[in-house]
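Chemist: Sequence and predicted structure, then a few things I'm wondering about:
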Amino acid sequence: MYYSETKVIMGGLAHVPILIFIVNFVKGKFESIAAKVVEVEVEAEELKVKVVEVKKEEVKAEEVNESAVKAEEVNESAVKAEEVNESAVKEESE
């Protein structure tokens, strides 16, 4: 048996108050549960802090410059070694 469009709409509208009642009932249950929850206070303990002294050593600018020069010399020798290796590879391939 087929229902007309108006009967379907009227049936849907008749169920809206029932759905609203169910939603409000569930909402009320959650609110009552939330009201029963008691706030619990937790005492926070102070954290123990250990103070450590940092020794500062002064670095002389000359020492830094010397190490930088040594690093540049190492880089230059590595580049020279690579050039020698490349020339040896070229000679072997010819």
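Modeler: It's in. No experiment lies behind these values; they were computed from the predicted model shown.

Chemist: For this structure, give me the ranges with low pLDDT.
Modeler: Scanning the chain for pLDDT under 70 picks out the ranges 38-40, 56-94.

Chemist: what separates residue 15 from residue 22, distance-wise?
Modeler: 10 Å (C-beta to C-beta, to the nearest Å). Where you see a C-beta, it was placed from the backbone N, CA and C, and this is true even at glycine.

Chemist: again, but for residue 6
Modeler: With C-beta to C-beta as the criterion, residue 6 and residue 22 are 25 Å apart.

Chemist: Residue 54 now?
Modeler: In terms of C-beta to C-beta, residue 54 sits 66 Å off from residue 22.

Chemist: who's more crowded, these two?
Modeler: residue 22 (10 against 4; other C-beta atoms under 10 Å).

Chemist: Okay, and the more buried one sits in which element?
Modeler: Under the criterion of DSSP states H and E, residue 22 resides in helix 5-36.

Chemist: Pull out the buried positions in that helix.
Modeler: Buried residues in helix 5-36, defined by neighbour count with 16 or more other C-beta atoms under 10 Å: none.

Chemist: for that helix, packing partners?
Modeler: For helix 5-36, there is no helix or strand it packs on, judged by 3 or more C-beta pairs under 8 Å, 6 or more residues apart in numbering; DSSP states H and E.

Chemist: Kindly list the main-chain dihedrals of the closest residue to residue 11 other than its chain neighbours?
Modeler: For residue 11, ignoring the flanking residues on the chain, the nearest one in space by C-beta to C-beta, 6 or more residues apart in numbering is residue 3 at 8.0 Å. Main-chain dihedrals, residue 3, degrees, to the nearest 10: phi -110, psi 150.

Chemist: And residue 3, how far from residue 10?
Modeler: Taken as C-beta to C-beta, the span from residue 3 to residue 10 is 10 Å.

Chemist: what's the answer for residue 49, then?
Modeler: Relative to residue 10, residue 49 is positioned 73 Å away (C-beta to C-beta).

Chemist: same check, this time on residue 23
Modeler: Residue 23 is 21 Å from residue 10, by C-beta to C-beta.
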